[in-house]
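**Q** following is a predicted model, sequence given first.
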Protein chains: 2
Amino acid sequence: MSVLGRALSVLDAFADGTPSLRLTVIAQRADLPLPTALRLVRELVAWGALERQSDGSYRLGSRLWTLGGQAPCRRRLVDLGRPALDGLNRVTGLPVLLAALDGNSLVVVDGVGTALRPGTSLPPHATAAGKALLAHLPDSRRRQVLTDLARLTPYTLTAPGALNRQLAAIRAGAPASAWEEWHLGENEVAVPVDPLAGQGPAAALAVTARSAAQARRAVPLIVRAALTISGGLRPVGQPPHCQGVPGVDSRR
Amino acid sequence: MSVLGRALSVLDAFADGTPSLRLTVIAQRADLPLPTALRLVRELVAWGALERQSDGSYRLGSRLWTLGGQAPCRRRLVDLGRPALDGLNRVTGLPVLLAALDGNSLVVVDGVGTALRPGTSLPPHATAAGKALLAHLPDSRRRQVLTDLARLTPYTLTAPGALNRQLAAIRAGAPASAWEEWHLGENEVAVPVDPLAGQGPAAALAVTARSAAQARRAVPLIVRAALTISGGLRPVGQPPHCQGVPGVDSRR
DNA sequence: CACTGACTTTCATTACGTGAAAGCCGACGT
DNA sequence: ACGTCGGCTTTCACGTAATGAAAGTCAGTG
C-alpha cells in the first residue's frame, strides 16, 4: 500500500464519527505500526486535517471541514435546497429534510426544523427519503444497497417482497412514505429530486409529521419544492448529477 | 516535500472554491510534474476525496464532505447552534449567522434565513461577527488577522486606530456592530460565544437587519441565544474550544 | 522503586515514488 | 485528408524518502 493510502486510512479511523482518538487507537484502526502512524498524523496535523488536543489525542481539523464543505456535489444541493427547505418548512410548519445516497446508506444533506444534522446516516429501507431514492435506482445498485433490512420498529418492512412492491408503486408515481417504520410517532413522505438523472435521483426531499394524514397533506407542496430544486440543479445543460458510487472510475 | 504533502497540496488546489479542475491545472497549482499529479489524483479518486467527471476534470468528492462534516470543532457548534439560530430567527424575523475564525478569515459555520452558506469566507474587519471575535483575541493574534483592511463600502473602517477603539469598546462589553461596513443596506450586531475560552471566543452569533435601530433591538435576544450556546459548549469541564490557528502543535 | 503503557526518536535498509522521455488520442485548422 | 498541437497516460532506470525494529523517554500506578 502507498503512503497516501496509509494516510487516508488514518483519516478513515475517524469515519465512524468518533470525535477524538489517541495515537495508539489510530494505529490499530489503520493497521499501521506506531512510528508510521505518528509520522502521518503529524503531517496531517501540520496541514490542518487533524488537530491535536491538549490531552494528546487527535480529532478531525477544521480545515477538513472547510474543504469538505466545498465538494460541489453536496454544495449545490445545499445551495439550491436551503431556500426550498426554508420555504417548505415555513408553509407546512413541519420538519423538512434533504438526503442523498452515499455508498449504502442515506446521508442527511441538510434539514430545517429537525434535530438531524447534515452528515447523519439513516437507514434507506426504513425512511421515506430512502425509498424515494431506491425506487429510481438501477436494479443492480438497488440490490447492492438493500442488504441489511434491519427491523427498527414493529412497522419496519423487512420482507424484500413487500418493500419491492412499494418501490414499484413509487416508481409508478406514488409519493414515497414511511409510517413509523424508522421511529414510532414519525410519519414521513418524500419525493425524489431530479429523478431522471443518469444513475438515479440526486437526492430526496422529505417531510416528517405526527400523523400520516398530516404528512399526506403536504405532498403537493413537497413536489413543488422538489421541482424547484431539480430545476436549479440542471440550469441548461446535461450534467446529470454525481452519484456516491465508491471506487468507480468511469473513464479510463 | 513528502508524498503526503504533495497529495495535500493537490487538495489545496480546490481550496479557493473552484468547483472543478483539469489535471493540468491541478499540477500547476500544486507545483507538481504531471505524472506525479496524475498518480496522486488517481489515488484520491479511488478513496473518494476526488471525483472524476464525465469530461475528465476532477472535483472534490462527497466522501470528503462526509468526513469534513465530522470535524468536532465545527460539528459541536452546528449541533448546539442550530436550535439557537432557529429560535433567534423565529423571534426576530431576521437573518442570523454563526461564524468562527479560520486562519485570517471569518468563516460561516451556519445560518438561518440568510443567503450565506456554511463555509463562506467573510472579511473579519468589516462584519459584526468578525469584530466580536477579534475583540477578545490576544493582541498578537489580532494583529496577525488584521493585515488587510480592505475598503468594501464608504463606511468600512480602514484606519487601524478607529477599528482598535471599537474593539476596545466591544471588549469592555458593548455589542459588536457593523453599519453598512461590509454591504450597503446591511446592519449587523454580533455577540461572542464562549468569550472566556482560552485563545478567544469559539464563534460569534450575528443578526442582520435593514436598519441599525432594528438590529440594536435584537441585542438582548442575541445575548441570550449566545449564552445558550456557550452553556452547551462546555457541559461540565474545561475543554475551552478549538482555535483555527494553523500549523501550531502545542504539545511536543 | 520497579513496572507498565503510551508516545517518541534513531537509523540501517530498501521499497516506493519520481519525473524525463516517449507514446497516445482527440480536437482543430487548412 | 493530413499535420499539428495540447492534454493525458505509460514506461522505467534511478535515488530519495519512507519504513519499522529497537531502544529511549516519561507519566502514572501499584
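**A** Sure, I can see it.
**Q** so, low pLDDT: which residues of chain A?
**A** For chain A, applying pLDDT under 70 flags the ranges A:197-198, A:235-252.
**Q** what parts of it come near DNA strand C?
**A** Where chain A comes near DNA strand C, counting by Cβ under 7 Å from any atom of the strand, the residues are A:1-5, A:22-24, A:34-35, A:38, A:56-57. For glycine as for every other residue, the C-beta is placed from the backbone atoms N, C-alpha and C.
**Q** residues touching the residue lying closest to residue A:31 once chain neighbours are set aside, list them.
**A** Excluding the flanking residues, the one nearest residue A:31 by Cβ to Cβ, 6 or more residues apart in numbering or on different chains is residue A:9, at 7.3 Å. Neighbouring residues of residue A:9 by Cβ atoms under 8 Å, 6 or more residues apart in numbering or on different chains: A:1, A:29-32.
**Q** for these, which one is nearest DNA strand D?
**A** For the contacts of residue A:9, the minimum distance to DNA strand D (Cβ to the nearest atom of the strand) is 6.2 Å, reached by residue A:32.
**Q** that closest one belongs to a strand, doesn't it?
**A** No - counting by DSSP: H, G, I helix; E, B strand; the rest coil, residue A:32 is not part of a strand but coil.
**Q** helix/strand/coil for the closest residue to it other than its chain neighbours?
**A** Spatially, and ignoring its direct neighbours in sequence, residue A:32 is nearest to residue A:6 (5.9 Å; Cβ to Cβ, 6+ apart). Under the three-state scheme (three-state DSSP), the conformation of residue A:6 reads as helix.
**Q** quick check: residue A:6 touching residue A:36?
**A** Yes - between residue A:6 and residue A:36 a contact is recorded at 6.7 Å, counting by Cβ atoms under 8 Å.
**Q** take the residues of chain A next to DNA strand C and keep only those in strands.
**A** Using DSSP state E, no member of the residues of chain A next to DNA strand C sits in strands.
**Q** give me the buried subset of those residues.
**A** The neighbour-count criterion (16 or more other Cβ atoms under 10 Å in any protein chain shown) marks A:3-4, A:23, A:57 among the residues of chain A next to DNA strand C as buried.
**Q** among these, which are in reach of DNA strand D?
**A** Taking Cβ under 7 Å from any atom of the strand, the overlap between these and the neighbourhood of DNA strand D is residue A:3.
**Q** can you tell me which of the buried ones among the residues of chain A next to DNA strand C is nearest DNA strand D?
**A** DNA strand D has its nearest neighbour among those in residue A:3, at 4.6 Å by Cβ to the nearest atom of the strand.
**Q** got the contact list for the residue nearest to that closest one when sequence neighbours are not counted?
**A** Once its chain neighbours are removed from consideration, residue A:3 has its nearest residue in residue B:3; the separation is 4.4 Å (Cβ to Cβ, 6+ apart). The neighbourhood of residue B:3, defined by Cβ under 8 Å, 6+ apart, consists of A:2-4, B:40.
**Q** so which of these are in helices?
**A** Judged by DSSP state H, the contacts of residue B:3 include A:3-4, B:40 as members of helices.
**Q** could you list the buried residues of the helix or strand where residue A:91 lies?
**A** Following DSSP states H and E, the helix or strand that holds residue A:91 is helix A:72-92. Burial within helix A:72-92, assessed by neighbour count using 16+ other Cβ under 10 Å, is assigned to A:72-78, A:80-82, A:84-89, A:92.
**Q** now render the ones in helices among the contacts of residue B:3 as a markdown table, adding distance to residue B:126.
**A** A markdown table is the format used below for those (distance: Cβ to Cβ, whole Å):
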| residue | distance to residue B:126 |
| --- | --- |
| A:3 | 42 |
| A:4 | 40 |
| B:40 | 38 |
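**Q** let me know the closest of these to DNA strand C.
**A** The nearest member of the ones in helices among the contacts of residue B:3 to DNA strand C, counting by Cβ to the nearest atom of the strand, is residue A:3 at 4.3 Å.
**Q** residue furthest from the geometric center of chain A?
**A** Relative to the mean C-alpha coordinate of chain A, counting by Cα atoms, centre = their mean, the farthest residue is residue A:35 (35.1 Å).
**Q** residue A:25 versus that one, what's the distance?
**A** Distance, residue A:35 to residue A:25, by Cβ to Cβ, to the nearest Å: 16 Å.
**Q** so which of residue A:6 and residue A:36 has more stuff around it?
**A** The residue with the greater number of neighbours, taking residue A:6 and residue A:36 and applying other Cβ atoms under 10 Å in any protein chain shown, is residue A:6; the counts read 18 against 15.
**Q** helix, strand, or coil at residue A:185?
**A** When the structure is reduced to helix, strand and coil (three-state DSSP), residue A:185 reads as coil.
**Q** so how many other residues sit close to the closest residue to it other than its chain neighbours?
**A** By the measure of Cβ to Cβ, 6+ apart, the closest residue to residue A:185 outside its immediate chain neighbours is residue A:210, 6.7 Å from it. Burial of residue A:210, expressed as a neighbour count using other Cβ under 10 Å, amounts to 11.
**Q** now do the phi/psi pair for residue A:210.
**A** Backbone torsions of residue A:210, given as degrees, to the nearest 10, read phi -70, psi -40.
**Q** so it touches residue A:183, yeah?
**A** No - Residue A:210 sits out of contact with residue A:183 when judged by Cβ under 8 Å, with a separation of 11.6 Å.
**Q** pull the contacting residues for the residue in chain A that chain B sits nearest to.
**A** Among all residues of chain A, residue A:68 sits closest to chain B, at 2.1 Å; criterion: Cβ to the nearest Cβ. The neighbours of residue A:68, taking Cβ under 8 Å, 6+ apart as the test, are B:60, B:64-69.
**Q** give me that answer again for 6 Å
**A** Counting by Cβ atoms under 6 Å, 6 or more residues apart in numbering or on different chains, residue A:68 touches B:64-65, B:68.
**Q** go on, residue A:10?
**A** Contacts of residue A:10 were listed using Cβ under 6 Å, 6+ apart, and they are A:26, A:30, A:40.
**Q** change it to 10 Å
**A** By Cβ atoms under 10 Å, 6 or more residues apart in numbering or on different chains, the contact list for residue A:10 reads A:21, A:26-27, A:29-30, A:32, A:36-37, A:40-41, A:43-44, A:49-50, A:58, B:4.
**Q** and residue A:217, by the same measure?
**A** Going by Cβ under 10 Å, 6+ apart, residue A:217 touches A:92, A:94, A:189, A:207, A:209, A:211.
**Q** around the closest residue to residue A:114 other than its chain neighbours, how many other residues sit close by?
**A** Excluding the flanking residues, the one nearest residue A:114 by Cβ to Cβ, 6+ apart is residue A:95, at 3.8 Å. If you count neighbours by other Cβ under 10 Å, residue A:95 ends up with 20.
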